[in-house]
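>>> Make a model of this:
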Amino acid sequence: MALSAIPKILVTGKNGQVGFELQRSLAVLGEVIAVDREECDLGNPDAIRELVQRIRPDIIVNPAAHTAVDKAESEIELATALNATAPQVFAEEAAKLGALLIHYSTDYVFDGRKDGWYSETDTPNPQSVYGKTKLAGELAVAAANPRHLIFRTSWVFGAHGGNFLKTMLRLMQQRDALSVIHDQYGAPTSASLLADVTAQIIAQYLRSEKQDEFAYGTYHLVAAGETSWHGYASKINELAALQGYTLKVAAKDIQAIPATDYPLPAPRPANSRLNTQKLQAAFGLVLPNWQQGVQQVMTLLKQS
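Down below sits the predicted model:
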């Protein structure tokens, strides 16, 4: 399909953390049509097909997912519908149009037992329903549409929506002490970074004279650096104090605990560190350190 003079970009999950930011970052690249569950039930394959056939987008960007990791353990059917079946249907419909599909996946496709950073060539071994359904979605997308980009990310946060950063900030103003896990590692990644990188890569795609030869495939996309949940909470506390938040909790009041002291229905990867060299080399991008995104979001929250 030849690209429209003004490309049509369909974005799902418009009220989610990433979907919200995508509407901002993609607005300069074309006509953005953003939908939520009220406008298209992603649990209904026929509704997805009707949506894509009606809009006939040049690009589909799909951040929508069942992201309630613990609930997914008991909502297997719903998690499968949203995380595996829906991406497959989007990929099939995109393929009919010759459209690009961008889909987001997760560090949970790995078991977290590797020493060091996971690369795209490492074998997935998900340990939770969430991870298993997200991996199924990846495989379905890759099989159904050669024109796909899959971005695996981790520890997503933003000024919009619920996340660890906002929860910690609230609890630090309410409680006298906190206990936070110290033996799980990853890179907190802002929704705005995901949206901005997506926009950069779409811009390259739109400029490409040989789209059949574009660098399609699976990529790791997270902020640079690494920390633990305890290190992340400590940075939030440090920045909150600098920005003038009234806090009950000081750094010394944040206790480091092992994950075994905080059992949850779904197992979390102990190691969520994702190597991003492939993405940076393919698209000529530099990914900023995770602390930068945390500071930006906390500044926005303080101003709001």
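
>>> Just the mean pLDDT for stretch 60-69, thanks.
Mean pLDDT, stretch 60-69: 97.

>>> can I get the CA coordinates of it in CSV?
The C-alpha coordinates for stretch 60-69 follow below in CSV (Å, rounded to 0.1, in the frame of the first residue of the first chain):
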residue,chain,number,x,y,z
ILE,A,60,-0.8,0.8,13.7
VAL,A,61,0.7,1.4,17.1
ASN,A,62,-0.5,-1.0,19.8
PRO,A,63,0.5,-0.3,23.4
ALA,A,64,-2.9,-1.6,24.7
ALA,A,65,-2.5,-4.7,26.9
HIS,A,66,-3.7,-6.6,30.0
THR,A,67,-1.0,-5.2,32.3
ALA,A,68,-2.4,-6.1,35.7
VAL,A,69,0.3,-8.7,36.2
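
>>> Would you mark the buried spots in that stretch?
Across stretch 60-69, burial judged by 16 or more other C-beta atoms under 10 Å covers 60-67, 69. For glycine as for every other residue, the C-beta is placed from the backbone atoms N, C-alpha and C.

>>> swap in stretch 170-181?
172, 178, 180-181.

>>> just the CA coordinates of that stretch, formatted as CSV?
Extracted C-alpha coordinates of stretch 170-181, given in CSV (Å, rounded to 0.1, in the frame of the first residue of the first chain):
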residue,chain,number,x,y,z
ARG,A,170,2.1,9.2,47.7
LEU,A,171,3.3,6.7,50.4
MET,A,172,6.3,8.8,51.3
GLN,A,173,3.9,11.6,52.2
GLN,A,174,1.6,9.3,54.2
ARG,A,175,3.8,6.8,56.0
ASP,A,176,6.7,6.9,58.4
ALA,A,177,8.6,4.0,56.8
LEU,A,178,8.6,1.9,53.7
SER,A,179,9.9,-1.6,52.7
VAL,A,180,11.1,-2.0,49.1
ILE,A,181,12.6,-4.9,47.2
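
>>> which residues sit against it?
With contact meaning C-beta atoms under 8 Å, 6 or more residues apart in numbering, stretch 170-181 is reached by 168, 228-230, 232-233, 236-237, 240, 245-249, 253-259, 261-262.

>>> Filter the residues you listed down to the buried ones.
By neighbour count, with 16+ other C-beta under 10 Å, those hold 168, 228-230, 232-233, 236-237, 240, 245, 247, 249, 254 as buried.

>>> Could you dump the buried residues of stretch 60-69 into TSV with secondary structure and distance to residue 121 added?
Supplementary listing: the buried residues of stretch 60-69 in TSV, determined by DSSP: H, G, I helix; E, B strand; the rest coil; distance: C-beta to C-beta, whole Å:
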residue	secondary structure	distance to residue 121
60	strand	26
61	strand	25
62	strand	24
63	coil	24
64	coil	27
65	coil	24
66	coil	27
67	coil	26
69	helix	25
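
>>> And the strands in the stretch 1-150 of the chain?
Counting by DSSP state E, counting those that start in this stretch, the stretch 1-150 of the chain has strands at residues 8-11, 31-34, 59-62, 100-106, 148-153.

>>> name the helices or strands packed onto the longest one?
It stands for strand 100-106. Other helices and strands packing on strand 100-106, by 3 or more C-beta pairs under 8 Å, 6 or more residues apart in numbering; DSSP states H and E, are strand 59-62, helix 86-97, helix 129-144, strand 148-153, helix 191-207.

>>> What residues sit buried inside that strand?
Counting neighbours by 16+ other C-beta under 10 Å, the buried set in strand 100-106 is 100-106.

>>> now stretch 18-35
18-23, 25-26, 29-30, 32-35.

>>> about what we covered before: can you redo the strands of the stretch 1-150 of the chain as a markdown table with distance to residue 126?
Shown next, in a markdown table, are those (distance: least, C-beta to C-beta, whole Å):
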| stretch | distance to residue 126 |
| --- | --- |
| strand 8-11 | 26 |
| strand 31-34 | 29 |
| strand 59-62 | 19 |
| strand 100-106 | 9 |
| strand 148-153 | 12 |
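
>>> wait, which of the ones you listed is closest to residue 288?
Nearest to residue 288, of all the strands of the stretch 1-150 of the chain, is strand 148-153, at 14.2 Å by C-beta to C-beta.

>>> Fine by me, we can end here.
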